[in-house]
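Engineer: Model the structure of this input:
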Amino acid sequence: MEKCLGDRLGFRSVVIRLRNQLGYSVFDESWAARMAISRGKVLFGLDYIDSYLGKDFVGEAVVRHSALRLRSVQDSLARHEQHRAGWRHPACLGAPPPLTPGTLP
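Structural biologist: Got it, this is the predicted structure:
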């Protein structure tokens, strides 16, 4: 039905929202993909529930590898900052002159 409507109507997203709202309001069901309704009638995305349950955990090895790469980037940036520590932009060398009524243009 959605594909047929999408091919023939320019306002497909509005029709889908109305359909999903009808399912939720009238039938207390979620007709939207990957959505669940809690006991308190709150809609939850199943992706968040899967993450909470650890179903999308990539594994300790991948997490460790990512952490080591991040640490390498941090160390590299720290070394780069040490080389730049003595350098300042010429405009930042001195404090700007104070603005007083007599010095305003």
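
Engineer: Which positions within stretch 29-48 qualify as buried?
Structural biologist: Using 16 or more other Cβ atoms under 10 Å as the test for burial, stretch 29-48 gives 30, 32, 35. Every C-beta, even on glycine, is put in place using the N, C-alpha and C of the backbone.

Engineer: if I look at the second one, how far off is residue 15?
Structural biologist: This means residue 32. 13 Å (Cβ to Cβ, to the nearest Å).

Engineer: what's the answer for the last one, then?
Structural biologist: Between residue 35 and residue 15 the distance is 17 Å, computed by Cβ to Cβ.

Engineer: Any chance of the buried residues of stretch 29-48 in TSV with distance to residue 52 as columns?
Structural biologist: Shown next, in TSV, are the buried residues of stretch 29-48 (distance: Cβ to Cβ, whole Å):
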residue	distance to residue 52
30	18
32	19
35	15
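
Engineer: Closest one to residue 81 out of the residues you listed, please.
Structural biologist: residue 35 (46.1 Å; Cβ to Cβ).
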